[in-house]
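J.: quick one, what's the 3D model for this:
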Amino acid sequence: MTRRLKLSEVRTSRRGAIVAAPAWAFVKKTRPVPDDGRLYRCSYFLEPVESAWVDVLESIRCHREAEYERKVKEHGELMERVRAGTLTDFDRWRMSLGSMLGEDPTAPPIRRSDRPPRFTVSDRRGSCVVCRQDYYGRGSTRYCSDGCFKEARRNRPRPSRAKDPVQVACVRCGVCFVPTRKDARYCSVRCRVAAHRTKESNA
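T.: Residues are numbered from 1 along each chain as shown. Predicted coordinates for the structure are as follows:
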């Protein structure tokens with residue numbers, strides 16, 4: 001029995017398309033394509049294993065439904081502000097941007113939860129750089145799932161913002177030291193007290 005995938009085990013785009021997934025969740029098939037009318041060459045395509053994608057498709061549908069309800073609520077609030085004449089600067093900017101893009105800013109949102117997600121996975125097989133699992137992915141995808149992508153981002157090396165320590169010379173003994181504050185002039189309490197006593201004796 002094929003186990004079921006979770007949404008965190010596949011790689012999705014911002015628009016909800018599936019761009020990468022483990023190799024075992026697909027079946028690679030061939031189909032003949034006519035070439036020059038006489039010879040036939042084989043074309044490969046991936047067919048998702050239906051039993052493995054049940055939970056993923058349901059999760060995407062629920063996410064799209066929640067997103068649709070949020071947009072419906074925002075659209076209702078926007079229409080109330082339009083009727084009351086209390087539009088904010090952000091509302092005007094968003095409506096002008098929608099007009100520039102050829103969209104009607106006052107149109108109600110479109111329900112997309114009933115549409116199945118697009119599979120943009122190619123037959124390019126690779127190995128995930130995090131979990132080393134074989135996967136099929138699109139383009140330059142290096143991770144088999146969103147979980148591996150987030151894990152790689154958490155563990156990526158970050159450049160240090162700390163500045164290199166700057167050494168200064170002690171005013172009294174001339175020994176170089178790293179100051180703990182910007183106006184430090186002495187390397188130790190002993191030098192500071194000795195300099196203070198010398199200053200008082202000279203006065």
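
J.: gap between the helix ranked longest in the chain and the chain center?
T.: For the chain, the helix with the greatest residue count under DSSP state H is helix 54-84. With C-alpha atoms, centre = their mean, to the nearest Å as the basis, helix 54-84 stands 22 Å off its chain's centre.

J.: just the CA atoms of the next helix or strand after that helix, as CSV, please.
T.: Moving toward the C-terminus from helix 54-84, the next helix or strand (DSSP states H and E) is helix 89-100. These are the backbone C-alpha positions of helix 89-100, laid out as CSV (Å, rounded to 0.1, in the frame of the first residue of the first chain):
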residue,chain,number,x,y,z
ASP,A,89,-4.3,56.1,1.0
PHE,A,90,-3.5,52.4,0.9
ASP,A,91,-6.9,51.6,-0.6
ARG,A,92,-6.4,54.2,-3.3
TRP,A,93,-3.0,52.9,-4.1
ARG,A,94,-4.2,49.3,-4.3
MET,A,95,-7.1,50.3,-6.6
SER,A,96,-4.9,52.3,-8.9
LEU,A,97,-2.4,49.5,-9.0
GLY,A,98,-5.2,47.1,-10.0
SER,A,99,-6.3,49.4,-12.7
MET,A,100,-2.8,49.6,-14.1
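
J.: which parts of the following helix or strand past helix 89-100 are buried?
T.: The helix or strand immediately downstream of helix 89-100 is strand 124-127, counting by DSSP H and E. Using 16 or more other C-beta atoms under 10 Å as the test for burial, strand 124-127 gives Gly126. Quick note: C-beta positions are derived from backbone N, CA and C, even for glycine.

J.: repeat for stretch 173-189
T.: Buried residues in stretch 173-189, defined by neighbour count with 16+ other C-beta under 10 Å: 177, 186-187.

J.: include distance to Val56 when you put the residues you listed into JSON lines, please.
T.: JSON lines is the format used below for the buried residues of stretch 173-189 (distance: C-beta to C-beta, whole Å):
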{"residue": "Phe177", "distance to Val56": "61"}
{"residue": "Tyr186", "distance to Val56": "66"}
{"residue": "Cys187", "distance to Val56": "64"}
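
J.: how about JSON lines for the residues you listed, with pLDDT, secondary structure and distance to Pro109 added?
T.: Converted to JSON lines, these look like this (pLDDT from 0 to 100; DSSP: H, G, I helix; E, B strand; the rest coil; distance: C-beta to C-beta, whole Å):
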{"residue": "Phe177", "pLDDT": "91", "secondary structure": "strand", "distance to Pro109": "65"}
{"residue": "Tyr186", "pLDDT": "92", "secondary structure": "coil", "distance to Pro109": "69"}
{"residue": "Cys187", "pLDDT": "91", "secondary structure": "coil", "distance to Pro109": "68"}
